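Novice: dropping the sequence and predicted coords here.
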Protein chains: 2
Amino acid sequence: MTDVKEPGLRERKRVATRHAIERAAIELSLEKGYENVTVDEIAEQADVSPRTFFNYFSSKEAAVVGHHPEGPDAEKVEAFLAAPVDQPVLAGIHQMLSSFIEAKSDEDTRAVHELQERRMQLMLRHPTLFRQRMEGMDEMTNKMTEIVARRLRVLDPALDEAPARDRARLVVFVSFAGMRHAWANWADHGGEGRLAECVKSSFDQLHVLSSQVNV
Amino acid sequence: MTDVKEPGLRERKRVATRHAIERAAIELSLEKGYENVTVDEIAEQADVSPRTFFNYFSSKEAAVVGHHPEGPDAEKVEAFLAAPVDQPVLAGIHQMLSSFIEAKSDEDTRAVHELQERRMQLMLRHPTLFRQRMEGMDEMTNKMTEIVARRLRVLDPALDEAPARDRARLVVFVSFAGMRHAWANWADHGGEGRLAECVKSSFDQLHVLSSQVNV
DNA sequence: GTGCAATTTTGCAGGGACTGCAACGATAAT
DNA sequence: ATTATCGTTGCAGTCCCTGCAAAATTGCAC
């Protein structure tokens, strides 16, 4: 099932130019500021025509924010659903999400990882970009909601489907609040240290909040 | 202090055209879909030149999403800070925020209220617009954070300023998660009923979440 | 009301994002 | 080698948005 066939020249070139464009977009933006960079410049730097740029990315913004993750890996989902009943839901979600924070190290070499690093720096300089990235996570929100709903019904089989979805949605939004909080803190510290640490801290605080009366 | 002087012809005309533009933008968008409406059309409908449109709004989007509230009224803030210590923080925030949900009935007649109603319908058709509205709430986020931080220090005078800010930020993000949840539910039901009801329900659920062990 | 100052409106020129189309070029399949 | 497939490019055009300077409108003093 897992198509491991040779990519072929065509495909290889494709990912190469895609990478080149992303890189050009990010580096130029770090250099001159996102809004001072034109698509033409990016295209030139990436050695493609401006028209080709739009064959790869639907907008200038899309080139710098990168692809939105579509959802957690199946294995993470399994682990989440099958976790012991005393594991807090938020903790489980944290586990699932952390795979997105930490680079998927076995992706396509560490050139991708490098790019991700630079992207973070860029989003640090332009909070708008971070917000736009979060905005584009609709797909993931829906999938996460479904997953969490299933977990909730595992924990409480008496729960009907509709209310489960409802509560799941809320929990997912709360998780995203945690992510935003983590990001905000990380940005406040100038991006020093691992973002993953901040995420962990934020989720811990969420948990503390839950266990307090006067929230 | 409260400048109650006659607005003068100039000012009156100004708010009139502003209103005309907003109305034109929203009605046209409801009619033909947001992305199928051009600024030129809006300007024409509002009887101004396209250039004038941009004197009033910095972007086409700004005309339809309207002005972002800058923060809660001083009185609401006072009430929040002086509330009895057994009032949950989230409940207090709900109180403060609800003034934004419910139309400020004593504003400028109910033409404004009407416009707000139509705006909601439009955001229902175009979720992107709602997200962009939330995105533009940076100002408010900061103010809210400061207010909540003060409340936290009222509840626990031993709390230092930095940690108070930190937790306050998280609480504010969680509140916004509640708002999003409320909006999502409201949208799912096709915008029937009062949005304020959904908000109340969402905040109630947030409170329930807090009091459960396995969050 | 007349003249003057402050503001607002408007047209114009132009930059930059983005799209559809059709020609061209490179890769893959036979 | 030939053909089919797919990627690349240029071009023309639309739309969003901006700076600038001229024209119109309003506020104010006389």
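Specialist: Here it is on my side, so go on. Numbers count the residues shown, from 1 in each chain, chains lettered A, B, ... in the order given.

Novice: for the rest of this, base every contact and every neighbour count on C-alpha atoms.
Specialist: Will do.

Novice: A:Ala43 is in contact with A:Phe53, correct?
Specialist: Yes. When contacts are counted by C-alpha atoms under 8 Å, A:Phe53 is listed as touching A:Ala43 (6.1 Å).

Novice: mutual contacts of those two, please.
Specialist: Here A:Phe53 and A:Ala43 have A:Ile21 as joint contacts, going by C-alpha atoms under 8 Å, 6 or more residues apart in numbering or on different chains.

Novice: could you tell me which residues of chain A lie near DNA strand C?
Specialist: With C-alpha under 7 Å from any atom of the strand as the criterion, chain A comes near DNA strand C at residues A:8-11, A:37-40, A:51, A:54, A:58-61.

Novice: helices of chain A, residue ranges please.
Specialist: A:8-32, A:39-45, A:50-56, A:60-65, A:74-81, A:89-101, A:109-125, A:127-135, A:138-155, A:161-188, A:195-210 (DSSP state H).

Novice: nearest to B:Met123, of those?
Specialist: Nearest of the helices of chain A to B:Met123, taken as C-alpha to C-alpha: helix A:127-135 at 15.0 Å.

Novice: and the closest one, what other elements does it pack with?
Specialist: If contacts are counted by 3 or more C-alpha pairs under 8 Å, 6 or more residues apart in numbering or on different chains; DSSP states H and E, helix A:127-135 sits against helix A:60-65, helix A:109-125.

Novice: quickly, which of those bottoms out on average pLDDT?
Specialist: Lowest mean pLDDT within the helices and strands packed on helix A:127-135: helix A:109-125, at a mean of 89.

Novice: now do the buried residues in that helix.
Specialist: A:Val112, A:His113, A:Leu115, A:Gln116, A:Arg118, A:Arg119, A:Met120, A:Gln121, A:Leu122, A:Met123, A:Leu124, A:Arg125 (16 or more other C-alpha atoms under 10 Å in any protein chain shown).

Novice: tell me the residues of chain A that contact chain B?
Specialist: Within chain A, the positions near chain B by C-alpha under 8 Å from any C-alpha of the partner chain are A:86-90, A:131, A:135, A:166-167, A:169-170, A:173-174, A:176-178, A:180-181, A:185, A:202, A:205-207, A:209-215.

Novice: any idea how chain A splits into domains?
Specialist: According to automatic domain parsing, chain A comprises the domains A:1-64, A:67-210.

Novice: winner for burial among those?
Specialist: Highest mean neighbour count of the domains of chain A: domain A:67-210, a mean of 17 (counted as mean count of other C-alpha atoms under 10 Å in any protein chain shown).

Novice: what about chain A, any weak spots by pLDDT?
Specialist: Applying pLDDT under 70 to chain A flags the ranges A:1-6, A:102-108, A:212-215.

Novice: could you give the number of residues near A:Gly66?
Specialist: Residues lying near A:Gly66 (other C-alpha atoms under 10 Å in any protein chain shown) number 15.

Novice: please name the nearest non-neighbouring residue to it.
Specialist: Nearest residue to A:Gly66, sequence neighbours excluded (C-alpha to C-alpha, 6 or more residues apart in numbering or on different chains): A:Glu22, at 7.6 Å.

Novice: my read: the one you found touches A:Val64, true?
Specialist: Yes. Using C-alpha under 8 Å, A:Glu22 is in contact with A:Val64, at 6.1 Å.

Novice: list just the nearest of the residues of chain A next to DNA strand C to A:Arg194.
Specialist: For those, the minimum distance to A:Arg194 (C-alpha to C-alpha) is 25.0 Å, reached by A:Glu61.

Novice: that closest one and B:His126, how far apart?
Specialist: According to C-alpha to C-alpha, to the nearest Å, A:Glu61 stands 20 Å off from B:His126.

Novice: ok, the residue in chain A sticking out farthest from the centre to A:Leu152 distance?
Specialist: Distance from the centre of chain A peaks at A:Ala158, with 33.1 Å (C-alpha atoms, centre = their mean). According to C-alpha to C-alpha, A:Ala158 stands 10 Å off from A:Leu152.

Novice: now A:Arg18
Specialist: As judged by C-alpha to C-alpha, A:Arg18 and A:Leu152 stand 40 Å apart.

Novice: quick revisit: now the helices and strands packed on helix A:127-135 in a markdown table, with distance to B:Lys143?
Specialist: Below are those laid out as a markdown table (distance: least, C-alpha to C-alpha, whole Å):
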| stretch | distance to B:Lys143 |
| --- | --- |
| helix A:60-65 | 28 |
| helix A:109-125 | 21 |
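
Novice: quick one, which of these is nearest to A:Thr145?
Specialist: Across the helices and strands packed on helix A:127-135, A:Thr145 has its closest neighbour in helix A:60-65 (23.3 Å, C-alpha to C-alpha).

Novice: what sits up against the closest one?
Specialist: Residues contacting helix A:60-65 (C-alpha under 8 Å, 6+ apart): A:Ile21, A:Glu22, A:Ala25, A:Ile26, A:Val39, A:Phe57, A:Arg119, A:Leu129, A:Phe130, A:Gln132, A:Arg133.
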